[in-house]
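1. Test case, fold it:
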Amino acid sequence: MRLNLLQPHPLLKAYIDKIFVLDSDGSIADDDLKLIVPNGLPKIVIPIRNGLASKVNGLYQVSHETTITLIGMSDISAIVEAECDGAHRTLCIEFSAAGAYRFFRFNLHEMSNRVLPLTEVLGRHASQLQEQVSNAGSVAEQMDVLQEFLLQRLQSREDDLLLNFCIQRIRALRGAVSVRELEKATGYSSRWLHMKFLEKVGISPKSYASVIRFQPFYKAYTQNPDQRLADAEFYNYFYDQSHFIKDFKRYTGLAPTQFMKYANEYGRIFYKD
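-> Okay, the predicted model is just below:
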């Protein structure tokens, strides 16, 4: 499998974390976990060659070839594989945590832990976009169509500076920050912050911090599978080792010692430098 990063339009950089194309010349091994852990980024996904099948929160969803799919902010893992055997290519746009709300004019909590065709969310506008993307002759042309669409939807209102502050603080501290600390730093109540995050991020600040806290440790493991997951450095940002193991189970479905027994190349490709 090959993952190629693409550059977003300069006017979209502040709201998009990354854009990439994932290519595979063949099917994923049957014994691969095909597990994708949450990374705190809502997404638009387009299977360009072959479709994608996913299982999220117990629901099975198939995104057929060239179907534009919106994946909301997630705090649970997903199982993802190609719809049919053989080669596949997927284009993905990952919004920043505080970027997606600038393009979608609804409460993002409605999309959390969900995978939906964009046509179900945006109706005829998404249908027109899907047709334009399908008719584009190359990935570069498809990217131009998608980014022009996003530029048209980019809301002109000012950024939510308070939300940006909270997101930046959570990321800077690698998730090791409590909602009470955010209360003190902003002067707003936990209830108000909770509602703000649900509306414009999709999940609560506590859940978002938990996802961000887990990411460095999962990335470290994917880059070095032989690393001992019981080493103290893997839970310095958690209350204790049992807290780390609890979160590990939450995001992978398995305890660390069990997880190490399985291949998960499909999930690992997204963390390669």
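
2. List the contacts of the residue positioned nearest the centre of the chain.
-> Closest to where the C-alpha atoms of the chain average out (CA atoms, centre = their mean) is residue 41, at 3.6 Å. For residue 41, the contacting residues are 17, 73, 94, 95, 96, 97, by CB atoms under 8 Å, 6 or more residues apart in numbering. C-beta coordinates here come from the backbone N, C-alpha and C atoms, glycine included.

3. quick one: the fourth one from residue 23, how far?
-> Looking back up the chat, that one is residue 95. 22 Å (CB to CB, to the nearest Å).

4. Kindly supply the PyMOL command isolating those of the contacts of residue 41 that are buried.
-> In PyMOL, a selection of the buried entries from the contacts of residue 41 looks like this (16 or more other CB atoms under 10 Å):
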select buried, resi 17+73+94+95+96+97
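
5. now the residue nearest to the centre of the chain: how far from residue 125?
-> For residue 41, the distance to residue 125 - CB to CB - is 23 Å.

6. for residue 206, same thing?
-> 34 Å.

7. Tell me which of the two has more neighbours.
-> residue 206 (18 against 14; other CB atoms under 10 Å).

8. Show the residue spans covered by the helices in the stretch 51-200 of the chain.
-> 118-122, 124-135, 139-153, 161-172, 179-186, 190-200 (DSSP state H, counting those that start in this stretch).

9. right, and the ones you listed - which one's nearest residue 32?
-> The closest of those to residue 32 is helix 139-153. By CB to CB, the value is 25.2 Å.

10. counting contacts, what elements does the closest one pack onto?
-> strand 43-49, strand 88-95, helix 124-135 (3 or more CB pairs under 8 Å, 6 or more residues apart in numbering; DSSP states H and E).

11. Using TSV, lay out the ones you listed together with distance to residue 171.
-> TSV is the format used below for those (distance: least, CB to CB, whole Å):
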stretch	distance to residue 171
strand 43-49	18
strand 88-95	14
helix 124-135	30
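
12. quick one, which of the ones you listed is nearest to residue 190?
-> The nearest among the helices and strands packed on helix 139-153, by CB to CB, is strand 88-95 at 25.1 Å.

13. Would you give the sheet partners of the closest one, along with the direction of each?
-> Strand 88-95 pairs in its sheet with strand 16-24 (antiparallel), strand 43-49 (antiparallel), by DSSP bridges.

14. Please identify the most buried of these.
-> strand 43-49 (a mean of 20; mean count of other CB atoms under 10 Å).

15. For that strand, give the mean pLDDT please.
-> The average pLDDT within strand 43-49 is 95.
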